[in-house]
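Undergrad: need a 3D model of the sequence below.
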Amino acid sequence: MIEARELSKTYGRVRAVDGVSFTASAGRVTGFLGLNGSGKTTTLRMLLGLVTPTSGQALVDGRRYRDLRHPARQVGAVLEQGIGHPGQTGRAHLVTQAVFSGAGRSRVDALLDHVGLGHAADQRVGGYSLGMRQRLAVATALLGDPSILVLDEPANGLDPEGIAWLRGLLRDHARAGGTVLISSHLLAEVAQLVDDVVIIAEGRVVRATSLVDLTRGSEARVRVRGGNPGRLWHVLTDAGARITTDGPALEVAGLSPEQVGELAFRAQVPIYELTVRTPDLEQVFLTLATAR
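TA: The predicted structure follows:
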């Protein structure tokens with residue numbers, strides 16, 4: 001389990017992270033989301049002992065990262081895309097990291113196959129594509145067979161097949177009882193992967209909840225397209241609806257689809273389309289992240 005307890009970090013007069021608290025639990029995938037400059041990466045680096053908090057605590061299984069006896073066996077991390085010396089082969093990189101971390105070399109070849117780099121194990125990392133480097137970074141994180149994974153934008157550079165592979169790997173890790181904390185800008189992919197969501201804006205947590213509760217608590221809209229949009233607009237607004245336009249269609253908040261249909265019928269406006277649009281993760285995220 002990962003815990004952030006009132007984490008804050010100040011650089012001069014800039015408060016990059018301000019009292020951030022959340023938990024990433026075992027057996028679940030937690031998405032850590034925020035706009036650029038929101039404090040995501042600084043928070044992750046504090047969790048991993050790479051940045052010293054100005055105040056607060058970052059705990060891994062109840063301890064600070066620097067107090068862990070075998071950190072590589074407890075936490076695997078992907079924080080940078082440029083992993084690996086360009087002159088080393090993929091296999092040599094993993095062997096080197098295994099020696100440095102005390103993880104042992106026995107898993108190197110199996111991990112290369114596991115992340116889809118078995119065919120490129122003896123190629124120099126400098127010749128790897130961005131997606132291949134990301135796979136190598138994931139393999140490095142898995143070297144010590146850790147129960148906790150902390151991943152900052154791990155899908156960058158991956159093609160659709162690679163993204164599906166990563167999603168399956170992380171879901172399997174959580175199902176086996178592991179903890180996954182992932183930051184990503186690919187919100188459509190995050191929505192297919194995570195169980196819980198932590199949204200940060202301007203250095204503060206604005207929402208921490210399950211994905212189900214996050215989207216359930218947001219207002220659905222009714223999309224309606226009719227033969228007389230102007231008359232329909234007036235009828236619906238008179239009934240208390242809040243309306244925005246999407247081309248010839250109206251996006252209606254505050255009324256159910258049944259109410260919209262009934263009002264259109266009474267106004268003798270023919271309806272060509274009537275659908276309910278449930279807010280997705282991207283819509284909710286943008287609303288929360290830009291509201292401050």
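
Undergrad: residue 8 is in what secondary structure piece?
TA: Assigned by DSSP states H and E, residue 8 falls within strand 2-11.

Undergrad: so what touches that strand?
TA: Strand 2-11 is contacted by residues 15-24, 30, 39, 42-43, 46-47, 51, 53-60, 62, 148, 150, 179, 181 when judged by CB atoms under 8 Å, 6 or more residues apart in numbering. Backbone N, C-alpha and C define where each C-beta goes, glycine included.

Undergrad: now stretch 203-213
TA: Residues contacting stretch 203-213 (CB under 8 Å, 6+ apart): 15-22, 31, 38-39, 191, 194-200, 214, 217, 281, 288-289, 291-292.

Undergrad: which of the contacts of strand 2-11 are buried?
TA: Buried members of the contacts of strand 2-11, scored by 16 or more other CB atoms under 10 Å, are 15-18, 20, 22-24, 30, 39, 42-43, 46-47, 51, 53, 56, 58-60, 148, 150, 179, 181.

Undergrad: show me the shaky parts of the stretch 151-292 of the chain.
TA: Scanning the stretch 151-292 of the chain for pLDDT under 70 picks out 217-219, 278-279, 291-292.

Undergrad: show the contacting residues for residue 178.
TA: The contact partners of residue 178, taken as CB under 8 Å, 6+ apart, are 26, 27, 146, 147, 148, 149.

Undergrad: correct me, but the last one touches residue 141?
TA: Yes. With contacts counted by CB atoms under 8 Å, residue 149 reaches residue 141, the gap being 6.1 Å.

Undergrad: shared neighbours of these two, which are they?
TA: Common neighbours of residue 149 and residue 141 (criterion: CB under 8 Å, 6+ apart): 76, 77, 78.

Undergrad: show me where the stretch 1-150 of the chain has its strands.
TA: Here the stretch 1-150 of the chain has its strands, by DSSP state E, counting those that start in this stretch, at 2-11, 14-24, 29-33, 55-60, 75-78, 148-152.

Undergrad: for residue 276, find the nearest of these.
TA: Nearest to residue 276, of all the strands of the stretch 1-150 of the chain, is strand 29-33, at 24.8 Å by CB to CB.

Undergrad: which other helices and strands contact the closest one?
TA: helix 40-47, helix 160-175, strand 179-183, helix 187-193, strand 196-201 (3 or more CB pairs under 8 Å, 6 or more residues apart in numbering; DSSP states H and E).

Undergrad: deepest of these, which one?
TA: Using mean count of other CB atoms under 10 Å, the stretch among these with the greatest mean number of neighbours is strand 179-183 (a mean of 25).
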